[in-house]
Every structure is written in structure tokens, then in C-alpha cells.
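Novice: Sequence and predicted model, in that order:
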Amino acid sequence: MNRNNQNEYEVIDAPHCGCPADDVVKYPLTDDPNAGLQNMNYKEYLQTYGGDYTDPLINPNLSVSGKDVIQVGINIVGRLLSFFGFPFSSQWVTVYTYLLNSLWPDDENSVWDAFMERVEELIDQKISEAVKGRALDDLTGLQYNYNLYVEALDEWLNRPNGARASLVSQRFNILDSLFTQFMPSFGSGPGSQNYATILLPVYAQAANLHLLLLKDADIYGARWGLNQTQIDQFHSRQQSLTQTYTNHCVTAYNDGLAELRGTTAESWFKYNQYRREMTLTAMDLVALFPYYNLRQYPDGTNPQLTREVYTDPIAFDPLEQPTTQLCRSWYINPAFRNHLNFSVLENSLIRPPHLFERLSNLQILVNYQTNGSAWRGSRVRYHYLHSSIIQEKSYGLLSDPVGANINVQNNDIYQIISQVSNFASPVGSSYSVWDTNFYLSSGQVSGISGYTQQGIPAVCLQQRNSTDELPSLNPEGDIIRNYSHRLSHITQYRFQATQSGSPSTVSANLPTCVWTHRDVDLDNTITANQITQLPLVKAYELSSGATVVKGPGFTGGDVIRRTNTGGFGAIRVSVTGPLTQRYRIRFRYASTIDFDFFVTRGGTTINNFRFTRTMNRGQESRYESYRTVEFTTPFNFTQSQDIIRTSIQGLSGNGEVYLDRIEIIPVNPAREAEEDLEAAKKAVANLFTRTRDGLQVNVTDYQVDQAANLVSCLSDEQYGHDKKMLLEAVRAAKRLSRERNLLQDPDFNTINSTEENGWKASNGVTISEGGPFFKGRALQLASARENYPTYIYQKVDASVLKPYTRYRLDGFVKSSQDLEIDLIHYHKVHLVKNVPDNLVSDTYSDGSCSGMNRCEEQQMVNAQLETEHHHPMDCCEAAQTHEFSSYINTGDLNASVDQGIWVVLKVRTTDGYATLGNLELVEVGPLSGESLEREQRDNAKWNAELGRKRAEIDRVYLAAKQAINHLFVDYQDQQLNPEIGLAEINEASNLVESISGVYSDTLLQIPGINYEIYTELSDRLQQASYLYTSRNAVQNGDFNSGLDSWNTTTDASVQQDGNMHFLVLSHWDAQVSQQMRVNLNCKYVLRVTAKKVGGGDGYVTIRDGAHHQETLTFNACDYDVNGTYVNDNSYITKEVVFYPETKHMWVEVSESEGSFYIDSIEFIETQE
């Protein structure tokens, strides 16, 4: 993908080619980059493509921390956060060592065991010993093999050679296979899934180790000897497993919360502990999974964990509950049962989602008592990042004086130590907070003091230290330099009440501290050497109509939602690099509707594009619901303190748009030019088979054109000879693509030609060329006109097909609505495409005569396709992809049937349309195994059904042929049998029309298997109708043209029943007549087919100018020639001979009462 060209925007999941490199150009300026290439042809040149990568070095100082599970969780996340800030390199070996030593101290499973035991305690549930034993055994196996891999990797990195490369690759594959085998033991398999919640930290930590491992294929795979296809497969597995592992952890986490949600204060206490501890040991880690994507983050990044965790309320809670009723933990005190419950605590202590905050000032309101200063109220002042507006919230008893006024300013409160008590007596029970010290990163300690123990038993006193629940990164070091979290807020719930039926009072004061991760960047710093993460909740203002909502569990914090047009918010950033540095913007979103997304910097729009929905309305957000997309138009910041705003417009309906974060990506032109070359090499090389003599089966014609565009966009100055070789190769690929294409005229040069096979099209089909999305010509299908579809089709003759072979129709749809694509053989494959027009919003000229910047256009298209390829889709979403492939299998190619393949494209709706191109029908390969057996069975069934249908059709054909033969008196069908009339012709016509399989069900213009015999009989029937019409002196005697040629009164009409037209007289005074010319002294027969309904008679009279006349009378009592009574629903035919004595004749129709129905009137000359 060419990223050197400054495209307007790009949609992408993984924009980089996977080449971690420094900013140094690959070739020294004194060297010729084309040296050694001059005498190569393109096949030799492609064989040199290997994608080798060079790793920058970092030298961190690693250490192993303690064994406590919370400590381990915090330490692992903290260590990973520090390393994500650097490009991936060989120093990640030390991360492996750190993780393995943290999770398996002294080669023991004690940490893993403690993970499970802690969750067991939180949810009050025991794991099966068998499941636990299996998990620990599998973890032991992973530890041994991981150590072997790290050992081999370290040796190879320090002393690389072929043997060590082979060994580390082998151990990589073994370890990967073991993770695949063992992960189900950690909560996702059928034997352990009932304990998924208990195993959540185990699963998350193991999943992290696996994803960390898989990224090495991108870093080292080429140097181990893996080809690019193998590397890509490992990368795809990494992305797929990121989704799988994330969704499992989120589900297990939410299931645990659901199990713990109760009604009592004790259930809330466990609920909050579980929420906090699973965040620290599992969900923080899950939020980091996407950052192992080397291709998306080659230069390092700074993940931001903006989530908040709530430590336990600062209240008396002894480790062991006393045996007496005095001095018990606050949440189990029976005196509070009517005052504290789950809902009260959750709603009072846990804040709704909000923008990320920084604490400015904290006031502790106290009540001075005998024992000292008791904390009874709080006033919290804070601000959003880079905002000068101070927000304030107050809690508790606000009438008390200020006991401590702590100005936090630009410091952190990283630790809080308090003295708490339960003053319990027969006259009441009170939970109080006394001495409290707040430790600031400036070294200052502030708080309330003066506590004395007077009147309170020692058993009812306790010291509470926030680091017991949020330990520092290195407890053995100085906490001021190693703290893991900073205080962001304090909520508080306070109540005092009289016990029911007793004079005693109960009271409790429950200040609860809210903490954010220390590594969150409070300045939103934009650097020139790594990708900056900017969660939208770090905005300094929230736009009207935008709402902060709870995150889905895997984003590391909350997200912002909009349901209508407008902005999300504004983020103020601090730019540390030079203002000449160029950047791109990438963002992560989920949406139930399509929308236009705009990004502005300092009031100037720098990017906009239309994006599609990622999920259905009402659907639960999962990992795959969020999509990462990128704009490729680079921009500059204009000042060191700048503002970025985001907004949406053009919503396609009612729905929601969720925005997680935006990312600022520094542009490195030198490296990206090299990446462009690598991308072009990869694209062209992947077109060919290993021998370079043919195209890979799965390569499409559109991909060949894409590769050609990538090559064309390479720099002539930097990579002149590379470009020449690649162009030669891609031109060869295009020739091969044309040669294998079974479609005639794939460029649509001639439509509706006289040639037997070629494109046949209706009105509304046009050909376009020179557009931004196709190198060649493209089809445009307009909407249908009422019952007339817009279509184009072509038949691929059976002579070019092979029996029992799979064929594939490929193409690219720029946009469409209700486009139907059919492949028809002895069966039909049907595909519907509703492709949004989301590839580009504007086309920018590059100054060429074509007016297009092909490089920018190709970048945009590639980006959108990358999103489609990596985003899992249901059947509806698959119908919206731009690229399509449809497969059809041939059978035995029965010689008795013209079994080609029909390719049909059509639009049947009045609001449908389509623009598409790069159509090709290619051979995939012979069927084998189950596919062959299934096709043979289906083909045998079809042949048997065909035989049955043919026997039936042969019977109908013979009857129809005999009926038509009876219409004529000669074999040449030149003379009509004088004894037959319209009834016989209609009878023969009905037999012909009963022949099935005349036309395709897909399109009437396509002949079916019985088309030829139908055409044969229809032609003869048409000749009979012509002769019949020619001999009848009565004009329009079959009333097929309504009342044309007849003189009628208003009570006469022509009605239709199927293909039959008949004259109806429904009143006694109705009259119909016609004048005609005849030959004198010739014999004529008046033949009338009619029926009479009701009483009275119907009359058809013939007369000449000499007053000679004959009348045929019909009534309800007519009998046929066999004496059988004719009911009201049957027509009969009567005739009479007449010899005209004048040239002018008149025929008249009338009735006396009831209704008279006339099917046909004939006055025909006959031979004596």
C-alpha cells in the first residue's frame, strides 16, 4: 500500500507492512540501490523478495516483583505500558523473562493458584479440583516450553546463524501449538467453561503470553526463513485470537459481575472488590491486546488506561470478624440492614461515566469531637484535561468546618492512610474516619489529625492504607517513585438514623476513593517518534448531544456516544515535536449506522470521510464491533498547544455512533517510501505461483490492477530499476489474467453484437472508463423500469469447460443497490450485492490530464478493502463488500444438453443500480473428495430429473405437434386446413404453452433446455395464425384487438381470460356489427364459437346486399354433436354455408336477454 502519496483518507486495520526500522534510509547515499539488479528479469527479481527486517535496540532495566496476585497484575501491566513506548525489538526478550519470573516465581504455580483462589473467595464458589489440576498442569507445560523458546530466541539474537534460526522457529511453532491446545483448559473449553469466571485472570494472563509470542512472527519470521505467506498467516491468527481472547474475557468478567449483583451491602462490597481486582489482574491486560499488532504500531505507542477503580470505602473492616456483636465490618452490621443496600451504595459511591478528570483541590470537612477530628464531608474540585474551568462536587455533611484544604495542583495524591473506628455500644453504633494523611508526589503530606483513642476499644480501631488495595509497582522501593495509581476523586455516603424500636442511633461515614492509572498522560503529549493515543474521554469539553457511556470492557476506559449529527468533543494537545512534522489520524469506533466523520484542527477541517456501520442496532458491543480506520491525508499542527475536534454528519438513520479513541501517527517519508516498495513487492509477488509462471488460483483481476497501481506509484528516483522490474512482472500478470478469463470481451468493447456468445444487454446499461476505481472499463446498470429489469448477460460455452470442475466469478463493485449476480449451469448460484458508496467523498486532481490522483485513489480503496477483509461479517454485511467471488461447479457436461455457464447481472428494482468491473470467470480446479462425490450425486439426481421431464415434454411435444399438423393440409405449412377454426388453433397453442423449461427463471432472455422445440412449434403455430387471419373475411374476428373494426353500442365489450379474448353482450339491446368485402359466387362458411348464459337467445347473422341472410342461434339449451348437455361454462362452435350474391356483406351480433359470449367469428372461403 503506497503511503508516500498524500491521500485524503484511508480506512485500514493494519496500515504498516510490518517493518520496524529506524529513520535511516536503507541504502547509504554513496551506494547504488539498483546495483546487482541490472541483469535480472522480473522472475529473478521477485525471487529476491524476502521482507527481512532490522530491529532497533533498547536496554531496559528489568526486575522481578512480589507474589501477590494484585501486585503481579499491576506490575505486568505497568511493565508492558513502559515497553509499548518503544519500537518492538530484541529487548522484548527481557519482557518475556520478566513475565515468566512474575508468573512462575521459583518455577512454581503459586501465582496461578492464588489467582484462582482469590476469585473463589470473591464470588464464594469453588473450582473443581480436576479442572484446577488440569489448568495447573497445562500451565506448567507452557512454562517449560516458553522458557525453551526464550532461551533459543536469546541465543539466536546474540549469535545468529541458520541452525539457531531453525531451532527458535521450531520452538516457536511448538509453543504456539501448545497454547492452541491448552487455552481451553483455562475457561473456554467444555470441561472448564463452567468456571470461566474463576479462571478469568488465568485466561487473560495466558492469552497475553500467547499474543505476545505471535507478534514475533512479524518481527523475526523472515529471518527465521518463513515466507511472507506464512508470516501473514501468523499475523492473521494473532488478530483473530485477539478477538477471541478479548470476547471471552469480557463475557467471563460480566458473568462474574452478574453473579455478584445482589441486594445487600455485603454483596455490593464483594461486587466492587471483584470489579476492581479483575480490572487490575485481567481487564487492564485485555485492553493492551491490540497493541501487539506490529503492523499497526511499528514505532511504539502509549496506551492510555483511562478507566477508574474504586478502593473499598474507608471504614472499619477487620481482617477477622469478632465473635461479639461489637466492632463488626460496616457492611455486615445488622444495625445497618435497613439503611445500606446494594442500590444505595452503587448509586451513591460509583459515579456515572464522565470525561477524564484531574484532581485540583480537596477539602475534608470535619466534626471536632472528644476523640479528635472526624471526617464527615468532602468537597472535591477537579478539571478536565487542559481545561481552566474548575468543577466541584460535594458529599456528606457540608455544614462542618474545613479540617484540611489540600491543593493538589500539578501533583498526584498517590497514597492515603487513615485511622478508622467502629464506636459500638448499647446506645448506638458509629463508623468514623479520624486521622487521614494524603501523600502528594511533591513530597507534601496533608490531612486531618488530632485523633485520640479515648473511649474506643483497640479491637474497634484499624489503620487503612490505600496501597493495600493498589500496591505500587515496586513495594520494596520508594513508593513516591513507584506508585501505580493517582487519586482522581472521592465520593462519600453518610447517614445517621435511629434504630427501629430503640432509642439508640446508628451512623456511618463511607468516603470512597477513585483512582486512575499513573501512566495516563495528563498533557495529551504529541511526539514525533511514536503513535499517540488520545481516548475521547480525555477531551476538555463534551459537545452538546454527546454522552460519555460505559465502555464495552476492552477499551481500557469509557467511550463517547452520539445518536444524531454533531460533535463529540474537543481535545487540547501539547505538541513537543517540530511544527513541520506531519501526522495522520486514525480512530476507533463502533456504529449502528453509516455516517460522515470530520476531524478539525484549530478550526480547520483536516480529514473527512463516510464510514459504514459495524454492528446492528441493539446488538451487544463485542471486539469485532469496533473498527480502526485511518485518514491518510497528512497534516501539521500549527502551534504547540492545539485543539482537535471530532464530529459526525450525514447519519443514514436512527442509531448510535461510539468513539473510543483517536491516534496521532507521525509521518516518516523515508521509511514509508521503503514500505511502499515492500508493499509493491509483496503485492506483485503474491500474484504468482512459486515458479512465477502462472497466477495463484485465488488471485483476482482486480488485485492485479491494484498491484499495478502500487507499482506505478513508486518513486522513479529512489527505486527506478525496482519499478521497472515490477512493472514488467505485473504486466505479465495482467496477460495471464486475460488468458485464463473464460468471459469473452471482459473490457465490454462490444455489447449486443451479432456474435452468438458475447455480452447481451438491455437498455440502461452503459460503459464507463477512466474513472478513479477501475484501470479499465466498468459497467453501469441503471434502475429498472417498472417490470423491465436492467440486465447484461453472457454465456460461456460448454466447449471451454471441464466436467466436475469448480469455476469462480470475480469482480469489484464500486457501489450498488439490489444488484443480483447469477451463475447458471444445471443449477443456479445467486448473489445479491448492496455495496455502499463509501470509497471516496471527493476526487482530487494530481495535475495530470486524467484529472485523478491514481495513487491516492488506490490507497483509499486498499484501505477500505483491508477493513472488509479483517472485520468479521454476517451474511448481510458480506453483501456490502466491494470485492466478490461466486463459485459454481460443473457436472458431467451432458452432451444432450447445452450446458454452458450463464453469467447474469441484473437490477430488478426501480431504485436499484450498480457500478462494477474487473469481471472474470476462471477455473479454480477439479473437484475431489467429498466435493466431487456430492457433485456427482447432485448431477445424477439432475440427470434423472431431466430424463423424467424430457419424457413428459416428449409427450406434450408429440401432442402439440400432432395438433399443429392437423391445422395444415400440406407438409410445408403453406395451406390451412379449411375445417379448422380458431378453437383448434387455440387448443394447439395451449399445448405449446404447456411446455416448461423454455426460458431461464433468472432472465426471460436466456433460453431454457426446451427452448428449441418450443421455438419450432411456436413458429409453425404463428404461421397457422397468419393463414387463419388472412382467410377470414371478418376483421379482428378473434377480438384480440378489442373492438377494432367493429361497430358497437355501449353495452358491448371485450373481456380477457388468460390469452383468450371474447366479445360480451350483456343487455338485450346491445348490438355489434361489421361490414366486409367478399368474392362473388364463392362458397363461404360462417363459423362461430360462443356460449349463451341465462335465458333468451344469442344471434350471429350474416347477410349480403341482396337481402339473403343466415343466422346462427345460441341458447342455454344447446347440445353438442353427441347429444351431451352443454353447461353455461362451455363454448360450442356452429357453422352455416353461405353463397354471397354481392361483394358487400354484413355480420351482426345480438341477443334477446341474459349474456352472450363470443369467442370468434369466421367467414371463410372454401373449395366446392
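Specialist: Alright, I've got the coordinates. Keep in mind that what you see is a predicted model, and the values were worked out from it rather than measured. Numbering: from 1, shown residues only.

Novice: Point out where the stretch 301-450 of the chain drops to low pLDDT.
Specialist: 322-325, 370-372, 425-427, 450 (pLDDT under 70).

Novice: how near is Gly1094 to Lys1134?
Specialist: To Lys1134, Gly1094 is 19 Å away according to C-beta to C-beta, to the nearest Å. Yep, even glycine has a C-beta here, placed from its N, CA and C like the rest.

Novice: what does Thr915 give?
Specialist: 63 Å.

Novice: With Arg601 instead?
Specialist: In terms of C-beta to C-beta, Arg601 sits 93 Å off from Lys1134.

Novice: Who has more neighbours out of those two?
Specialist: More crowded of Arg601 and Lys1134, by other C-beta atoms under 10 Å: Arg601, with 20 against 14.

Novice: need the contact list for the more buried one.
Specialist: Contact analysis of Arg601 by C-beta atoms under 8 Å, 6 or more residues apart in numbering lists Phe635, Phe637, Thr638, Asp642, Ile643, Ile644, Arg645.

Novice: Of those residues, which is the nearest to Gln181?
Specialist: Proximity of the contacts of Arg601 to Gln181 (C-beta to C-beta) peaks at Ile644, which lies at 45.8 Å.

Novice: Give the buried residues for whichever helix or strand that closest one is part of.
Specialist: Element membership of Ile644 [criterion: DSSP states H and E] is strand 641-649. For strand 641-649, the neighbour count (16 or more other C-beta atoms under 10 Å) marks Asp642, Ile643, Ile644, Arg645, Thr646, Ser647, Ile648 as buried.

Novice: now the residues you listed as TSV including pLDDT?
Specialist: Listed next are the buried residues of strand 641-649 as TSV, based on pLDDT from 0 to 100:
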residue	pLDDT
Asp642	96
Ile643	96
Ile644	96
Arg645	96
Thr646	96
Ser647	96
Ile648	94
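
Novice: which other helices and strands contact the lengthiest helix in the chain?
Specialist: Counting residues, the longest helix found in the chain (DSSP state H) is helix 929-967. Contacts defined by 3 or more C-beta pairs under 8 Å, 6 or more residues apart in numbering; DSSP states H and E place helix 929-967 against helix 982-993, helix 1011-1031.

Novice: Relative to the helix or strand just after the longest one, what are the paired strands and their orientations?
Specialist: Spelled out, it's helix 1011-1031. Downstream of helix 1011-1031, the next assigned helix or strand under DSSP H and E is strand 1047-1048. Using DSSP bridges, strand 1047-1048 pairs in its sheet with strand 1072-1077 (antiparallel).

Novice: CA atoms of the partner strand as PDB?
Specialist: Provided in PDB are the C-alpha atoms of strand 1072-1077 (Å, rounded to 0.1, in the frame of the first residue of the first chain):
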ATOM      1  CA  VAL A1072     -72.300  -5.400 -32.700                       C
ATOM      2  CA  SER A1073     -71.800  -5.400 -36.500                       C
ATOM      3  CA  GLN A1074     -69.100  -5.200 -39.200                       C
ATOM      4  CA  GLN A1075     -69.200  -4.700 -43.000                       C
ATOM      5  CA  MET A1076     -66.800  -6.700 -45.200                       C
ATOM      6  CA  ARG A1077     -66.000  -7.500 -48.800                       C
END
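
Novice: Give me the mean pLDDT for that strand.
Specialist: The pLDDT scores in strand 1072-1077 average 93.

Novice: Is it correct that Tyr887 is in contact with Val924?
Specialist: Yes: with contact defined as C-beta atoms under 8 Å, Tyr887 counts as touching Val924 (7.1 Å).

Novice: Looking at the two, which one has more neighbours?
Specialist: Between Tyr887 and Val924, Val924 has the larger neighbour count (other C-beta under 10 Å), namely 15 against 11.

Novice: State the helix or strand in which the more buried one lies.
Specialist: With DSSP H and E as the test, Val924 turns up in strand 913-926.

Novice: Look up how far Thr306 lies from Asp412.
Specialist: Asp412 is 15 Å from Thr306, by C-beta to C-beta.

Novice: between the two, who's got more neighbours?
Specialist: Counted by other C-beta under 10 Å, Asp412 and Thr306 do not tie: Thr306 has more neighbours, with 24 against 21.

Novice: Would you check how far apart Ser399 and Val366 are?
Specialist: 11 Å.

Novice: What residue spans form the domains of the protein?
Specialist: 55-294, 307-519, 524-667, 934-1031, 1047-1166 (automatic domain parsing).

Novice: Ser799: neighbour count?
Specialist: 7.

Novice: Tell me how far it lies from Val1085.
Specialist: Computed as C-beta to C-beta, the Ser799 to Val1085 distance reads 54 Å.

Novice: Repeat that for Val559.
Specialist: 89 Å.

Novice: and those two? which has more neighbours close in?
Specialist: Neighbour totals were compared for Val559 and Val1085, and Val559 leads with 26 against 16 (other C-beta under 10 Å).

Novice: ok, the more buried one - contacts?
Specialist: Leu536, Val537, Val548, Val549, Gly551, Pro552, Tyr658, Leu659, Asp660.

Novice: 10 Å - rerun?
Specialist: When contacts are counted by C-beta atoms under 10 Å, 6 or more residues apart in numbering, Val559 touches 306, 353, 535-537, 547-552, 568, 588-590, 621, 626, 658-661.

Novice: Buried subset of these as a PyMOL selection?
Specialist: To isolate the buried members of the contacts of Val559 in PyMOL, using 16+ other C-beta under 10 Å:
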select buried, resi 306+353+535+536+537+547+548+551+552+568+588+589+590+621+626+658+659+660+661
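
Novice: Leaving out the residues flanking it, which one is nearest to Glu984?
Specialist: Once flanking residues are discounted, Glu984 sits nearest to Leu967: 6.4 Å by C-beta to C-beta, 6 or more residues apart in numbering.

Novice: tell me which residues in stretch 992-1002 are buried?
Specialist: Val992, Glu993, Ile995, Gly997, Val998, Ser1000, Thr1002.

Novice: Ser169: which of those residues is nearest?
Specialist: Closest to Ser169, out of all of the buried residues of stretch 992-1002 and judged by C-beta to C-beta, is Thr1002, at 51.6 Å.

Novice: Need phi/psi at Arg690.
Specialist: As for Arg690, its main-chain torsions (degrees, to the nearest 10) stand at phi -60, psi -30.

Novice: Assess the claim that it and Gln228 are in contact.
Specialist: No: under the criterion of C-beta atoms under 10 Å, Arg690 makes no contact with Gln228, lying 11.8 Å away.

Novice: Counting neighbours, go ahead and name the busier of those two.
Specialist: Gln228 (19 against 11).

Novice: okay, that one: pLDDT?
Specialist: If you check Gln228, the pLDDT there is 86.

Novice: can you list the domains of the chain in CSV and add distance to Val699?
Specialist: Shown next, in CSV, are the domains of the chain (distance: least, C-beta to C-beta, whole Å):
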stretch, distance to Val699
domain 55-294, 13
domain 307-519, 45
domain 524-667, 25
domain 934-1031, 24
domain 1047-1166, 52
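
Novice: Name the stretch from those that approaches Tyr788 most closely.
Specialist: Here domain 934-1031 is closest among the domains of the chain (C-beta to C-beta), at 10.5 Å.

Novice: Find residues that contact each of Ser399 and Val366.
Specialist: Joint contacts of Ser399 and Val366 (C-beta under 10 Å, 6+ apart) are Arg376, Gly377.

Novice: what ranges of the stretch 801-950 of the chain fall below the confidence cut-off?
Specialist: Ranges of the stretch 801-950 of the chain meeting pLDDT under 70: 840-854, 856-877.

Novice: those helices in it, which residues are they?
Specialist: With DSSP state H, counting those that start in this stretch as the criterion, the stretch 801-950 of the chain has helices at 854-870, 875-878, 929-967.
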